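# can't give you the sequence, but here's the structure:
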Ligand SMILES: Cc1cc2nc3c(=O)[nH]c(=O)nc-3n(C[C@H](O)[C@H](O)[C@H](O)COP(=O)(O)O)c2cc1C
Ligand code: SF4
């Protein structure tokens, strides 16, 4: 209502209004001021009262600093959010009161939701439970299983009073397979917890074999059914962290594996690989309970403990599991094998990519030098000069353009990619190591290389390596032709020998460890393989090309690793400067100049003169080094009508041994550059005929040689000097212990002869006419199928 209408009202009400208006007019200023201050006071009062109220409603924890909040989250990692956590947690009495009040007031959530993922560090809290399953009919294995579990408990640091505070292992549990519930353990592993921490399971099986009906048959049947049951995942045990099997048997009744020795342990090992999705953590071990059972079991336990500790520290089985149970086994890999010189493989990746800019050839070298002058793109100052280590009599550095010394095989180069793809590990910038086919085969008891039959080297303890991936030939049969760098001079960065030595060993062991999960690997051989005893310096390239080859050899010998060094007869100066090696090879790929040019395709123009000089050096050295001529026969190149020519070379060099080997073919069609085919591979009979002809020629010349041994499996035959025939018996084996003793007492230049470390008689099975396959090994074909040997 407007103010004027109030003034004009004639009634009593209007009189009152009149009075109020007058009053207002008279006191309006103090009224307004009083109202204003009252409102201010009320606001201040409310403000304070409101703050106090809030303290009661929201618990103190919400205003704690951030780190404390995180700590709280760690305590209850699975809580949905902070508010819930507080409600569940403990705290001081006042906090509890606050929380109680808070539940009556409005729920207000501050902060972020805690994610449901496992908190960092939860992994550390995981425990590992080893379950030792055994079966036993006459109680041997039962007793052994209990003793074994106790020993393992100590080894893992989880034994009663000796329990290590930081050990993740729970004391191993022993389970009798005749009582254990298969459904509980072998269909899905049981879910276990220890003090609230999740437990990972590791299965071990100690199993005797029985060719009569026993509980083992139920176990195997169960495993088979589980794997084939379409309702169940084919690898239902894949959540366990690993498994391993050890078998007991009796060699008296079942002398070989073929005859049934430990056959059921082998089967359980195989089925477990399938059920776990290839989680074999350590190779199958086997022991004869009457003879070596406990020794074998102890060895197996040592290796196993190592793996378990690896699992504890890394949470995984590490290397060695990939490929476990894989159909692709070492023999089926199409893996070009042996020492490089005798295999051609047209499947090898194509030759280097010229456009990549990597220097891999002398032609490339010239091209780069020209380019460097033209556009200045190559650094020309402050660079070391490329030194010719190989040209005879040349001591002065070349006076040509100075270029930057580069790495022989830089990591970014196509050569590096190609070599690593083929299974080489490149060490430093110019060395390589690769585990050979025979090493893998020997690990599985499927036969060793011919050097085992002829010289007694253990293939599973042999490291194949080279300190120089570069070579000065381009042999037609070289299996790595086109992928390794070539050159006549060392023009690359030189890596120190210690770096190479450490690197090749490390990589070799890494590769051996990767065999851990491969089916058929024998535990005792695997354990032995962790100690390198032989080194074949022959992989690819030319080892004596490396300027510090003698220092490198010194490192091998200091660790009592024998050295078989193969060179290509193109570096006489380096050959002359070479110190003692256990066995010194020269590749003799042809018997005359033209043939050598065609087959080796040497880069040196004076290749024939170099070759001849190397033979002279070998002749001079024959009473100081165990010298060997290695002949690689390639049909159509160096076999036909050449026996006489080779006899001339033998007469000239008078080597201790002549190894004759047919080239091995690994490809499928024609060899890329030389057009080699299967037709170039001589049959074993042809190699035999050649050897007989060569031997006859040597005899006609009055040279005292004879055919000593053979290894038909790798198409290789050994002719030996009569110096190694004692009382009508060939002694081609090497006494490695004696070699190191002589080396240590007389030094790397010491005066001792090959006869001084001649070993025991060549085993009967390896002599000429006996085939050369150790009867203790199992022969298999390329698909891994056993071959009958009569
Ligand atoms: C009836 C019988 C059959 C056996 N069959 C085999 C066999 O096929 N292969 C094998 O390596 N050992 C065989 N053995 C040897 C046992 O595996 C060996 O004695 C084992 O240590 C027994 O373990 P246990 O006492 O725990 O049952 C057999 C032993 C017996 C008594
Ligand atoms: S000598 Fe060694 S590297 Fe050569 S084939 Fe035999 S085991 Fe393999």
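Noted; the coordinates are in hand. Bear in mind the structure is a predicted one, so any value in this text is a computation, not a measurement. Ligands and ions are numbered 1, 2, ... in the order given.

# for the chain, which helix is longest?
Once the chain is assigned using DSSP state H, the helix that runs over the most residues is helix 12-57.

# who does it touch, helix- and strand-wise?
Contact partners of helix 12-57 among helices and strands, from 3 or more Cβ pairs under 8 Å, 6 or more residues apart in numbering; DSSP states H and E: helix 3-7, helix 93-104. Where you see a C-beta, it was placed from the backbone N, CA and C, and this is true even at glycine.

# could I get the average pLDDT for the shortest one?
Over the span of helix 3-7, the pLDDT mean works out to 38.

# could you do the longest one as well?
Per-residue pLDDT over helix 93-104 has a mean of 38.

# from ligand 2, how far out is residue 251?
The gap separating residue 251 from ligand 2 is 27 Å, by Cβ to the nearest ligand atom, to the nearest Å.

# count the residues that sit near the closest residue in space to that residue that isn't next to it in sequence.
Leaving out its chain neighbours, the residue that sits closest to residue 251 by Cβ to Cβ, 6 or more residues apart in numbering is residue 288, at 4.4 Å. Residue 288 sits with 18 neighbouring residues when counted by other Cβ atoms under 10 Å.

# pull the contacting residues for residue 288.
Residues in contact with residue 288 (Cβ atoms under 8 Å, 6 or more residues apart in numbering) are 248-252, 261, 296.

# can we see that at 10 Å?
By Cβ atoms under 10 Å, 6 or more residues apart in numbering, the residues touching residue 288 are 248-252, 254-255, 261-262, 295-296.

# mind checking which of those are in strands?
Using DSSP state E, the subset of the contacts of residue 288 located in strands is 248-249.

# so which of the contacts of residue 288 comes closest to ligand 2?
Sorting those by distance to ligand 2 puts residue 296 at the head of the list, at 23.6 Å, by Cβ to the nearest ligand atom.

# how much space separates that closest one from ligand 1?
12 Å.

# how far does the top strand by length along the chain sit from the chain's center?
If each strand of the chain is counted by residues according to DSSP E, the longest one is strand 197-208. Offset of strand 197-208 from its chain centre (Cα atoms, centre = their mean, to the nearest Å): 25 Å.

# tell me if the following helix or strand past that strand is near ligand 1.
Past strand 197-208, heading to the C-terminal end, the next element that is a helix or strand (DSSP states H and E) is helix 215-228. No. Helix 215-228 is not in contact with ligand 1 by Cβ under 6 Å from any ligand atom; minimum separation 9.4 Å.

# identify the residues contacting helix 215-228?
In this structure, residues lying in contact with helix 215-228 by Cβ under 10 Å, 6+ apart are 133, 135-137, 176-180, 182-183, 186-188, 205, 207-210, 232-237, 263-265, 267-268, 270-272, 274-275.

# of those residues, keep whichever come out buried.
With neighbours counted by 16 or more other Cβ atoms under 10 Å, the contacts of helix 215-228 contain buried members at 133, 135-136, 177, 180, 186-187, 205, 207-210, 235-237, 263-265, 267-268, 270-272, 274-275.

# inside helices: which ones of those?
When the buried ones among the contacts of helix 215-228 are checked against helices (DSSP H), the matches are 263-265, 267-268, 270-272, 274-275.

# flag every residue of the chain that's near ligand 2.
Counting by Cβ under 6 Å from any ligand atom, the residues of the chain near ligand 2 are 338-339, 436, 438-439, 449, 451, 457, 459, 462, 464, 536.

# just the buried residues from these, in PyMOL please.
Paste this into PyMOL to select the buried members of the residues of the chain next to ligand 2, with burial taken from 16+ other Cβ under 10 Å:
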select buried, resi 338+339+436+438+439+449+451+457+459+462+464+536
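
# so which of the residues of the chain next to ligand 2 sit within strands?
Secondary structure from DSSP E places 462, 464, 536 of those in strands.

# tell me which residues form a beta bridge with the spatially closest residue to the first one that is not a sequence neighbour?
So the one you mean is residue 462. The spatially closest residue to residue 462, leaving aside those adjacent along the chain, is residue 534, at 4.2 Å (Cβ to Cβ, 6+ apart). In this structure, residue 534 bridges to residue 462, residue 562 when assessed by DSSP bridges.

# mind listing what residue 534 touches?
So, once contact is read as Cβ under 10 Å, 6+ apart, residue 534 ends up touching 439, 451-452, 455-464, 556, 561-564, 582-583, 734, 736.

# got it, and residue 616?
Residue 616 is in contact with 572, 575-576, 652-653, counting by Cβ under 10 Å, 6+ apart.

# save the residues you listed as JSON lines, and put in secondary structure, neighbour count and pLDDT too.
Converted to JSON lines, the contacts of residue 616 look like this (DSSP: H, G, I helix; E, B strand; the rest coil; neighbours: other Cβ atoms under 10 Å; pLDDT from 0 to 100):
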{"residue": "572", "secondary structure": "helix", "neighbour count": "20", "pLDDT": "93"}
{"residue": "575", "secondary structure": "helix", "neighbour count": "21", "pLDDT": "95"}
{"residue": "576", "secondary structure": "helix", "neighbour count": "13", "pLDDT": "95"}
{"residue": "652", "secondary structure": "helix", "neighbour count": "13", "pLDDT": "96"}
{"residue": "653", "secondary structure": "helix", "neighbour count": "23", "pLDDT": "96"}
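
# neighbours of residue 149, just the number please.
20.

# can you check the one 3 residues further on too?
Each residue near residue 152 was counted by other Cβ under 10 Å, and the total is 21.

# roughly how far apart are it and ligand 2?
Applying Cβ to the nearest ligand atom, the value for residue 152 to ligand 2 is 33 Å.

# which parts of this protein belong to which domain?
In the domain annotation for the chain, the residue ranges read 3-104, 123-314, 414-766 (automatic domain parsing).

# could you tell me the least trusted of those?
Lowest mean pLDDT of the domains of the chain: domain 3-104, a mean of 53.

# which residues of the stretch 451-600 of the chain fall in strands?
Along the stretch 451-600 of the chain, the stretches classed as strands by DSSP state E, counting those that start in this stretch are 462-466, 534-537, 562-567, 583-588.

# in JSON lines: those strands, plus distance to residue 605.
Supplementary listing: the strands of the stretch 451-600 of the chain in JSON lines, determined by distance: least, Cβ to Cβ, whole Å:
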{"stretch": "strand 462-466", "distance to residue 605": "25"}
{"stretch": "strand 534-537", "distance to residue 605": "27"}
{"stretch": "strand 562-567", "distance to residue 605": "19"}
{"stretch": "strand 583-588", "distance to residue 605": "19"}
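
# in TSV: the ones you listed, plus distance to ligand 1.
Rendered in TSV, the data for the strands of the stretch 451-600 of the chain read as follows (distance: least, Cβ to the nearest ligand atom, whole Å):
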stretch	distance to ligand 1
strand 462-466	30
strand 534-537	32
strand 562-567	35
strand 583-588	39
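
# rewinding a little: closest to residue 308 out of the contacts of residue 616?
Ranked by distance to residue 308 (Cβ to Cβ), these are led by residue 575 at 49.1 Å.

# now the stretch 151-300 of the chain against ligand 1: closest residue?
residue 249 (2.2 Å).

# can I assume that residue is in contact with residue 208?
Yes. The pair residue 249 / residue 208 is scored as a contact, 6.9 Å apart, by Cβ atoms under 10 Å.
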